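Colleague: No letters, just coordinates:
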């Protein structure tokens, strides 16, 4: 792409006519401000409605009212779940909302605007129609507009149009909001703001701006769909059996009906998922980590490759000029040339900022034209007046291996410095003019010779080696992808502890279209001289290999890769464009936060899987038990208070603690299959144990009303034994606090069923040793059934997998 040479003094400067305060107020009054409804979370009213008026709460409310009609109020204890579900969900979501709103405010990038009173930084929402907006490299275009004045101005519209190459945007170019500045700086007049701007219109119409998908939410929805399919016919059979199929008091029939239907509803599954997500947001917020969409937490749990930029990510933000090595004659124009090129940048990057700090107030040269720095080009230039009248000098500052030939002594010196981890820029000069932008080629003038090497000190972040070591322990691969010299990248990567980091690859030797590209990306761990499009291609290559990729970065050159990665993570001090496209922003700029971010994602997803197993086990044994009872036309064995008691001690209370426990296992695909694999055997075992114990107790003790309590208690104890066994398996691997949790739940259950008050309130009678023996025998049998069912399911899964692999192999061979 040819590079634009834009006059240093804009031809339309006199037509800018910045708005006065009165004109701004007039436009605000007409509604011509950049106000867009954009929220990081739901409003308080929406949170209340979403948590209070749920399908589960509606079902429970109907059942609760039915129980109140019978007069057996103690059987309505499950109604407390309506309050608990609503309050817990609301409290956690409100806390998460407050965290997100606070962090989003800290992360918001201001806009620079020129008004009659001067240049000021304001909130983007305060921009109005006809404002003169100032933007520079790394900024995101906040509103639509027409370019009034530009210096080396290049705009990347790939986020909107998919066009990968930056556009040369001269005076009169129409800017679209949502694009970002790849190089240079400009002033433009706002022509469309608020809901009329391009990005705002696109947000309503384009799929690119839809809420990110969630595999976890889709999996839970799939599970709930299966449950609904089973619940409807079984519920109808239960109603027929309890109400119309038996000649008994209607109150007892209603109690049996409610006891059968209530545990079929996985009431805590969605609640615990929401709570775990909300707590994850709050915990990350305490580490100054802004989660810009909740599914990002889920994706973090699956990350197995982290691609990271070097400058500003592995190394500290600031740089300083360690030395300026003059090459050959002592040219007194070197520092003036550095000042000239640096001051041409509207928003200097870290290297330019260090150079400007070094040269201080040194006067610049008389500039004819300039080219701003870009990550793809890797140099900046200025054409200035020569030392004699009527002559010119062109000065170019950039990467030595781009500006200088391979045999140049200055390049050899720069390579040696770069191998020590230093960042080196070459300042080259020629008496030739800059080429016409319409010419082909790289835009460099002829006859360049190096006059100085600018050596920049960059220090590795103190926390970087520890973070790299954490990822190595967790089997997460690290790829350092940087636009810097490959030798410098290798030195920093090796110092950080990246495996094989010293052997960095010069990405100019890699062609994304080549057959060898994927293999190089897979095998190597450090890359230098990577262009923005190559960074994105590397992310795509890793994703094509089945990896879940997190990309960290802070600059405009990272935007394309950040956007296309499974999880983009931007530094808080990075460019506004990088922060805007990332799903997570590290506001403290600490690379050490990243391991905590990944660990939090794993904790959330791993624990949701555990909790789902508990709740789905309860739903499955409730459905299966109700089906067995309805088919054999016997009274339902439990009262609503029994199922409430079982739910409290074997599911509800332990699930709350397990959902918040540490969990370092990386999440894998197949959430639904794994949950069903764990829940189905337990559900079958528990249902058969309680049903078998119930039928045996009816034979031993009789089937009349006088023995109803002891027969129900026998079935109750058999179910409790299997349910606690499922809890124990879900709680593994054991930790002292988990052992204490399970012991507390078992102890609480024993206190309730063995004390006179508890047994009387919950209508449990186990005074006859025969009832205990029957329950224990069938409980043990239920555990055995669980193991047998699990073995059968795994054998079936194995057979299906082998058949699928053979079919795929035959298709491939063909």
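Modeller: Perfect, thanks for sending it. From a predicted model like this one, the values you see are computed outputs, not experimental measurements. Numbers count the residues shown, from 1 in each chain.
Colleague: Find the residue at the geometric middle of this protein.
Modeller: The chain has residue 296 as the residue nearest its centroid, 1.9 Å off, counting by Cα atoms, centre = their mean.
Colleague: who touches that residue in this structure?
Modeller: 212, 567, 583-584, 601 (Cβ atoms under 8 Å, 6 or more residues apart in numbering). For the C-beta atoms, the positions are set from N, CA and C on the backbone; glycine is no exception.
Colleague: again, but for residue 776
Modeller: Contacts of residue 776 by Cβ under 8 Å, 6+ apart are 717-718, 721.
Colleague: sorry, back to before: any quick PyMOL command for the buried ones out of the contacts of residue 296?
Modeller: The PyMOL command for the buried members of the contacts of residue 296 (criterion: 16 or more other Cβ atoms under 10 Å) is given here:
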select buried, resi 567+583+584+601
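Colleague: taking the contacts of residue 296 one by one, which sit in strands?
Modeller: Taking DSSP state E, the ones among the contacts of residue 296 that sit in strands are 567, 584.
Colleague: Compile the contacts of residue 296 into JSON lines and extend it with columns for distance to residue 120 and pLDDT.
Modeller: Output for these, formatted as JSON lines (distance: Cβ to Cβ, whole Å; pLDDT from 0 to 100):
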{"residue": "212", "distance to residue 120": "35", "pLDDT": "49"}
{"residue": "567", "distance to residue 120": "35", "pLDDT": "89"}
{"residue": "583", "distance to residue 120": "31", "pLDDT": "84"}
{"residue": "584", "distance to residue 120": "30", "pLDDT": "87"}
{"residue": "601", "distance to residue 120": "40", "pLDDT": "81"}
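Colleague: re the thing from before, select from the contacts of residue 776 the one having the most neighbours.
Modeller: residue 718 (31 neighbours; other Cβ atoms under 10 Å).
Colleague: Can you give me the neighbour number for the nearest residue to it once chain neighbours are set aside?
Modeller: Nearest-residue entry for residue 718: residue 693, 3.7 Å, with adjacent residues in sequence omitted and distances by Cβ to Cβ, 6 or more residues apart in numbering. Per other Cβ under 10 Å, the neighbour tally for residue 693 reads 29.
Colleague: unless I'm mixing things up, residue 693 is touching residue 712, no?
Modeller: No - checked against Cβ atoms under 8 Å, the pair residue 693 and residue 712 is beyond contact range at 10.1 Å.
Colleague: Nearest spatial neighbour of the residue nearest to the centre of the chain, chain-adjacent residues omitted?
Modeller: residue 583 (3.8 Å).
Colleague: pLDDT weak spots in the stretch 1-150 of the chain?
Modeller: 1-15, 37-42, 78, 81, 85, 92, 96, 98-108 (pLDDT under 70).
Colleague: let's go with 80 and repeat that
Modeller: For the stretch 1-150 of the chain, the stretches with pLDDT under 80 are 1-16, 36-47, 50-60, 62-63, 66, 70-109, 138.
Colleague: Next secondary structure after the strand or helix carrying the residue nearest to the centre of the chain?
Modeller: With elements taken from DSSP states H and E, the one containing residue 296 is helix 295-300. Downstream of helix 295-300, the first helix or strand assigned by DSSP H and E is strand 305-308.
Colleague: ok, and what's touching the helix or strand just after that next one?
Modeller: Per DSSP H and E, the first helix or strand lying C-terminal to strand 305-308 is strand 320-326. By Cβ under 8 Å, 6+ apart, the residues outside strand 320-326 that reach it are 334-335, 338, 354-355, 357-358, 413, 422, 451-457.
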